[in-house]
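Trainee: Sequence plus predicted model, see below.
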Amino acid sequence: MHGMGFIVTIFLARLLEPAEFGLIAMVMVIIGIAQVFTDVGLGSALIQRRRVLPVHYSSVFYFNIFIASILTLITFLSASWIGAFYNNNQLVSIAQVMSIAFLINAFSSVQATKLRKELNYTALTKANFTASLLSGIIGVFMALNDGGVWSLVTMTLSRGVIFNIYIWMVANWWPSLLFSFKALFQLWGFGFRIFLSGLLDAVFNKLDILIIGKLFTPATLGFFERAKSLDQMIVTYSSGSLMSVLFPVLSKIQNDLPRFQRIIIKALGVISFIVFLLLGMMYLISEELIVLLFSEKWIPSVEYFQLLLLSGFAYPISALLVNVLSSRGNSKAFLHLEIYKKIVFGVNLLVAFIWGIEGYLYGLVLASILAVYLNIIFASREIHLAITKFIHPIIMQMLITTLSVILVF
């Protein structure tokens, strides 16, 4: 799925201008933050809860549709404010059309959650691949015919529609007429804290794009967004599949502490090795890679990409460690951890932009190190393992990669 999306991006990056990617990024940052409200953590609660009845699934489905409808209406009516915030009238019509993304995504959220709970990742992978392929063809066709930024808008929305069609065909679940507020409240205790954590994560993960879009030109944001997307693709490739499988697996063995500990330490060693190896390689060939993939017009992205790689280790390692808390149902500790980490990243956002985008990215490296250490402290307490057990594989792989890169230079 990620591979197909990446191939499509290569074509579009050569056909479209950086400013057009910047325009869609300005709107998608608003959509991405608001998207968290369509689920409010209930999907994670469905996976974590051991005994789930049909009424739980149907109640979450109808709740998601209701919230998505409200968000669609609010975004559509607020489109002029979005354009005024960025001082760009082009964004008004883009925001109005993109507002329907909430409803499109809501229609498949419960089916996708059910498949993840059942560990049916084959169906999810096929659905994502098919949606990425067909929507990519539509986007490239429009770009070839001077579709501009609307190529990206159409591709994004059509991907959601195609994913919906496929997932409804294979999920083997249809909503019944059952709805119960009691069922929602049973999920709410765990889901609400996960929702708050997800909201914090969504805001702080996208706040840099919001600030850059406000302070700089769409082209500058386009360069930054391209570098960030490539960096995220690398770290997702290195750990995404493992992370998506680990949560339901760990949830099932949450009461078998010795086995739980062994799996976490082994997974941490594997992820650390893969992540630092990939980041080191990408750092060495960063300029050649971007020119080869996207053409020379994207060269300003190289510096941003290199700086993002220095902090790229944090996401996959943190994703594993927060799974320790969420899979054992400790949503309270999960929320506290996310608040502490967001304070760290928030300070960096407030201070670092004084020195421009580069200052923010250098500060991000330090903030990422502190965030990983916070994750280790909380995971260590949760499963009663010494902090050194977590730190050792991370430090070893970091040193090996750093020395290797220095030697090559």
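Mentor: Thanks, I have it.

Trainee: which is the next helix or strand following the worst-scoring helix or strand of the chain on mean pLDDT?
Mentor: Every helix and strand of the chain was ranked by mean pLDDT, DSSP states H and E. The lowest is helix 42-48, at a mean of 71. Using DSSP states H and E, the helix or strand that directly follows helix 42-48 along the chain is helix 54-77.

Trainee: and that next one, which residues are buried?
Mentor: Across helix 54-77, burial judged by 16 or more other Cβ atoms under 10 Å covers 55-65, 67-68, 71-72, 75. Using the backbone N, CA and C atoms, a C-beta is placed for each residue, glycine as well.

Trainee: do stretch 168-175 as well
Mentor: Neighbour-count burial for stretch 168-175 flags 171, 173, 175 (criterion: 16+ other Cβ under 10 Å).

Trainee: repeat for stretch 214-228
Mentor: Neighbour-count burial for stretch 214-228, counted by 16+ other Cβ under 10 Å, picks out 216, 218-228.

Trainee: So residue 390 sits against residue 318, correct?
Mentor: No: Residue 390 is beyond contact range of residue 318, at 11.5 Å (criterion: Cβ atoms under 8 Å).

Trainee: So which of those two has more stuff around it?
Mentor: Each of residue 390 and residue 318 has its neighbours counted (other Cβ atoms under 10 Å); residue 390 has more, 25 against 20.

Trainee: if I pick that one, what's in contact with it?
Mentor: By Cβ atoms under 8 Å, 6 or more residues apart in numbering, the contact set of residue 390 is 265, 268, 321, 376, 379-380.

Trainee: hmm, try it at 10 Å
Mentor: Listed by Cβ atoms under 10 Å, 6 or more residues apart in numbering, the contact set of residue 390 reads 264-265, 268, 272, 317, 320-321, 324, 372-373, 375-377, 379-380.

Trainee: Could you report the pLDDT at it?
Mentor: pLDDT for residue 390: 89.

Trainee: now do residue 139
Mentor: For residue 139, the predicted pLDDT is 94.

Trainee: Which helix or strand contains it?
Mentor: Going by DSSP H and E, residue 139 is in helix 121-144.

Trainee: How about that helix, which residues are buried there?
Mentor: In helix 121-144, counting by 16+ other Cβ under 10 Å, buried: 123-124, 127-136, 138-140, 142-143.

Trainee: Please apply the same query to stretch 102-118.
Mentor: 102-117.

Trainee: go on, stretch 146-153?
Mentor: So for stretch 146-153, counting by 16+ other Cβ under 10 Å, buried means 147-153.

Trainee: Reformat those as a markdown table; add distance to residue 37 and pLDDT.
Mentor: Formatted as a markdown table, those follow (distance: Cβ to Cβ, whole Å; pLDDT from 0 to 100):
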| residue | distance to residue 37 | pLDDT |
| --- | --- | --- |
| 147 | 30 | 91 |
| 148 | 30 | 91 |
| 149 | 26 | 92 |
| 150 | 26 | 95 |
| 151 | 28 | 95 |
| 152 | 23 | 94 |
| 153 | 21 | 94 |
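
Trainee: before we move on, back to that, just how off-centre is the following helix or strand past the helix holding residue 139 within its chain?
Mentor: For helix 121-144, the following helix or strand on the C-terminal side (DSSP H and E) is helix 149-170. In this view, helix 149-170 has its centroid 18 Å away from the chain centroid, taken as Cα atoms, centre = their mean, to the nearest Å.
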